[in-house]
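Asker: structure for this input, please:
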Amino acid sequence: MLLWKKIAEESAIWCCTSATRDIKYVTRRVEHEGFSFLTITLPTFGKDFQKSLDQGKVDRDLFKGFPWQAGLPRLLGGFLDLVFDRTSGVLLNNPSIDAILAIRQLTLMFNKILLPSTPARKKLAMDGYVQCEQDVRIADAMTSPQQWDDFHRVGDLLFRDVFANLDNLVFDRSLIPRHGPGATADRLRGNAKFRQSSWPARLERYFPAGEYLIPSSRFFDRLDGLDILEPGAEIPVRIISVPKTLKTPRIIGIEPTAMQYSQQALLRDLLSELSKSTTLGRMIGFTDQDVNQRLARKGSLYGKLATLDLSEASDRVSNQHVRALLRDHPILHGAVDACRSRKADVDGHGIIRLAKYASMGSALCFPFEAMVFLTMIFLGIEEQLSTRLDADTIKKYQHMVRVYGDDIIVPVNFVQSVIGKLESFGIQVNRGKSYWNGKFRESCGKEYYDGEDVSIVRVRREFPTSPKCVSECLSIVPLRNQLYLAGYWDTVKWLDDYIRRVLKHFPNVTPTSPMLGRLCSLGYSSSELSHDLHSPVVRGYRVSVRYHEDNLHGSDALLKCLLRMESRSSPQSLDYIPRDNRSIGVSVRDMSSLPAADDRHLERAGLPQVRISLRKGSPF
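Answerer: Reported below is the predicted structural model:
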């Protein structure tokens, strides 16, 4: 609450208004409603404000639960008066960009704080997952044969070459599998994944255990005790909830080890083939969000591009969508279907059969959902153009269409037809977070109004109380530095005093320093010179990691080494980092290059334990 108060006071100074009554109102509601007012109720105000920007006026149906004065809500009234006309509620001809930024900052800053939801909200999320399954089945049943034929035709036009090349790779047994660092449904972690003792029978045709679980035929006796699982005995996906917002947790699936291993084999070459296509590489993204952000800014500035957001995007992509895409490529489809989990273990509902293609957590979930969405987008464009698509028409829109997960950018002229096509196939468009009328656009964590960046600084975790609160310390330092770069210097001064009570040494550093420190326009501080390098050093806290001891021997160790050698030749990065977590830590670069994770990978494996320790280091 103190942080909110400080930012409100500083924002009021920027906008030459007063926030005194706003602070009293918010303080009173937090006292009565608790922290949920800042994390759930107030963000609804911010979302309604963004929708008002898109509509060009304030609608009486919005801002429910907040008092009104004349034609605008009373809360943040001094800021709203700089954006909308108080009498009519109509958007001003030249609204204040500072006021727009201030309202968004004050209402949305706690929206995505990583806190566990209540058991009741988790149960609702699990119920929603099961209900989504029913919705997918209904949508599949309502889709006409002509729609499936059109979907297949456009998908084949877009991805024919990609699928044909993958068909050959699967046929030639050229795919290279890979284990990820995360959890699995059979609870194997780290190097233990290379000692798996079971293998689904469905995988044998395309991913035979004799080629994927041993380094060569010389070690065939290693498979003597392997348990081949028939379809009825397969391990289901384990559905869990992880923090997303306090209102709604994120639902993800933890795949069995064998399925994850096989999915990664397809993923490596699928991403490679997509990147080779100049046209598809411009329209589908997996690691570079900058393209979406630049297009969102252009849409905000010129009004020709719309940003669309989807609800439950991964869970609404049906297995029938993927089957229709791969109809003419039976070998590839066989491999894709073989490594797809067909059942899920849902808390409170038991084991259910899946109609969706895959839950978030499958290695192939994001690539196939992107291809499905892109196909539907061009079906919408085709309908609007009233002419059958060809390769030249698709190339014409390669700089105006972009899919990154559930963030979609399309030309404004085709918005209604694209939304209609998406919804006709059971995909749910989040109209509350989709923008195409006004000058506000949002995509991949960046927001713009009239070409101006109005992105905010978000609080990701609670504040730390000691250096032992590692995640909280690794969150508050970037928060402080982002606020500094955003210009909230009075707030940062207060925050510095708080951080110094937790981290006794908090030096000035540059953005490239591995130390937890302050960004400052005066540059870095230095207390002494290194005896070895004769360069400046400072005393402060630095991230260190400890990997779990996990020894791997024999043929399993040889297999891992051979797979690592092959993986290094991959042109694509296979590590997906959720957008919401990109700014939590400050030393990911430092952690990823530690020798323990590389040179001693046969002795240590899995996700490391992260700590911060007091030591000397470079301030730059």
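
Asker: so who does the residue lying closest to Leu188 once chain neighbours are set aside touch?
Answerer: Spatial nearest neighbour of Leu188, chain neighbours left out: Thr257 (4.9 Å); criterion: C-beta to C-beta, 6 or more residues apart in numbering. Where C-beta positions appear, they are placed from N, C-alpha and C, glycine not excepted. Neighbour list for Thr257: 179, 184-186, 188, 193, 196 [criterion: C-beta atoms under 8 Å, 6 or more residues apart in numbering].

Asker: how much space between Thr257 and Leu175?
Answerer: 17 Å (C-beta to C-beta, to the nearest Å).

Asker: still on that earlier bit, can you redo the contacts of Thr257 as CSV with secondary structure and neighbour count?
Answerer: CSV is the format used below for the contacts of Thr257 (DSSP: H, G, I helix; E, B strand; the rest coil; neighbours: other C-beta atoms under 10 Å):
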residue, secondary structure, neighbour count
His179, coil, 20
Thr184, coil, 22
Ala185, coil, 23
Asp186, coil, 19
Leu188, coil, 19
Lys193, helix, 23
Gln196, coil, 20
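
Asker: please identify which pair of those lies farthest apart.
Answerer: Pairwise distances across these (C-beta to C-beta) peak at 13.7 Å, for the pair His179 and Ala185.

Asker: strands along the stretch 401-550 of the chain, start to end?
Answerer: Ranges of strands in the stretch 401-550 of the chain, per DSSP state E, counting those that start in this stretch, are 402-404, 407-411, 428-429, 440-443, 446-449, 452-453, 508-509, 515-516, 518-519, 528-529, 536-549.

Asker: so which of those gets nearest Thr248?
Answerer: Across the strands of the stretch 401-550 of the chain, closest to Thr248 is strand 428-429 (C-beta to C-beta), at 14.4 Å.

Asker: neighbouring strands - and their directions - for that closest one?
Answerer: Strand pairing for strand 428-429, using DSSP bridges, gives strand 305-311 (antiparallel).

Asker: can you pull the buried residues of the partner strand?
Answerer: 305-310 (16 or more other C-beta atoms under 10 Å).

Asker: could you do stretch 377-391 as well?
Answerer: 377-384, 389.

Asker: could you work out the end-to-end span of stretch 72-79 for me?
Answerer: End-to-end distance for stretch 72-79: 11 Å, by C-alpha to C-alpha, to the nearest Å.

Asker: now swap in stretch 224-233 and tell me
Answerer: 19 Å.

Asker: what does that stretch rub up against?
Answerer: Contacts with stretch 224-233, where a contact means C-beta under 8 Å, 6+ apart, come from 197-202, 204, 209, 213, 235, 342.

Asker: can you lay out those as a markdown table showing distance to Lys356?
Answerer: A markdown table is the format used below for the contacts of stretch 224-233 (distance: C-beta to C-beta, whole Å):
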| residue | distance to Lys356 |
| --- | --- |
| Ser197 | 29 |
| Ser198 | 24 |
| Trp199 | 24 |
| Pro200 | 19 |
| Ala201 | 23 |
| Arg202 | 18 |
| Glu204 | 25 |
| Ala209 | 27 |
| Leu213 | 28 |
| Ile235 | 18 |
| Arg342 | 11 |
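
Asker: filter those residues to the buried ones?
Answerer: 198-200, 202, 209, 213, 235.

Asker: so, low pLDDT: which residues of this structure?
Answerer: When residues are selected by pLDDT under 70, those of the chain lie in 567-598.

Asker: per-domain residue ranges of it.
Answerer: Domain assignment for the chain by automatic domain parsing gives 2-111, 119-449, 470-617.

Asker: who's in contact with Arg461?
Answerer: Arg461 neighbours (C-beta under 8 Å, 6+ apart): 113-114, 471-472, 475-476, 584.

Asker: adding neighbour count and distance to Leu169, write those out as a markdown table.
Answerer: Listed next are those as a markdown table, based on neighbours: other C-beta atoms under 10 Å; distance: C-beta to C-beta, whole Å:
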| residue | neighbour count | distance to Leu169 |
| --- | --- | --- |
| Ile113 | 18 | 43 |
| Leu114 | 18 | 39 |
| Ser471 | 15 | 40 |
| Glu472 | 18 | 45 |
| Ser475 | 23 | 42 |
| Ile476 | 23 | 47 |
| Ile584 | 17 | 36 |
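
Asker: between these, which is nearest Glu10?
Answerer: Among these, and counting by C-beta to C-beta, the member closest to Glu10 is Ile476, at 18.1 Å.

Asker: quick check: the closest one touching Thr465?
Answerer: No. Using C-beta atoms under 8 Å, Ile476 is not in contact with Thr465, being 10.8 Å away.

Asker: okay, and the common contacts of the two?
Answerer: Here Ile476 and Thr465 have Val502 as joint contacts, going by C-beta under 8 Å, 6+ apart.

Asker: report how many residues lie close to His548.
Answerer: By other C-beta atoms under 10 Å, the residues close to His548 number 14.

Asker: and the gap between it and Arg542?
Answerer: In this view, His548 and Arg542 are 21 Å apart by C-beta to C-beta.

Asker: go on, Asn481?
Answerer: On the measure of C-beta to C-beta, Asn481 and Arg542 end up 16 Å apart.

Asker: ok, Ser11 next?
Answerer: In terms of C-beta to C-beta, Ser11 sits 34 Å off from Arg542.

Asker: mind checking which of these two has more residues around it?
Answerer: The residue with more neighbours, out of Ser11 and Arg542, is Ser11; 24 against 20, by other C-beta under 10 Å.

Asker: just the element for that one, please.
Answerer: Assigned by DSSP states H and E, Ser11 belongs to helix 2-14.

Asker: helix or strand right after that helix?
Answerer: helix 20-33.

Asker: could you figure out how far that next one is turned away from helix 2-14?
Answerer: 160 degrees (axes from the mean of the first three to the mean of the last three C-alpha atoms, to 10 degrees).

Asker: in stretch 313-331, what counts as buried?
Answerer: For stretch 313-331, using 16+ other C-beta under 10 Å, the buried residues are 313-322, 324-327, 329, 331.

Asker: show me the buried ones among the contacts of stretch 224-233 that map onto strands.
Answerer: Assigned to strands by DSSP state E, the following of the buried ones among the contacts of stretch 224-233 qualify: 198-200.

Asker: in CSV: those residues, plus distance to Trp148.
Answerer: Output for these, formatted as CSV (distance: C-beta to C-beta, whole Å):
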residue, distance to Trp148
Ser198, 36
Trp199, 33
Pro200, 28
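
Asker: so which of the residues you listed comes closest to Ala355?
Answerer: Distances from Ala355 to those, taken by C-beta to C-beta, are shortest for Pro200, at 19.7 Å.

Asker: can you pull the contacts of the closest residue to Ser314 other than its chain neighbours?
Answerer: Counting by C-beta to C-beta, 6+ apart, Ser314 lies nearest to Met360, which is 4.4 Å off, once chain neighbours are set aside. Met360 makes contacts with 250-253, 314-315, as judged by C-beta under 8 Å, 6+ apart.

Asker: mind putting these in a markdown table, distance to Leu2 and secondary structure included?
Answerer: A markdown table is the format used below for the contacts of Met360 (distance: C-beta to C-beta, whole Å; DSSP: H, G, I helix; E, B strand; the rest coil):
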| residue | distance to Leu2 | secondary structure |
| --- | --- | --- |
| Arg250 | 29 | strand |
| Ile251 | 34 | strand |
| Ile252 | 34 | strand |
| Gly253 | 39 | strand |
| Ser314 | 38 | helix |
| Asp315 | 39 | helix |
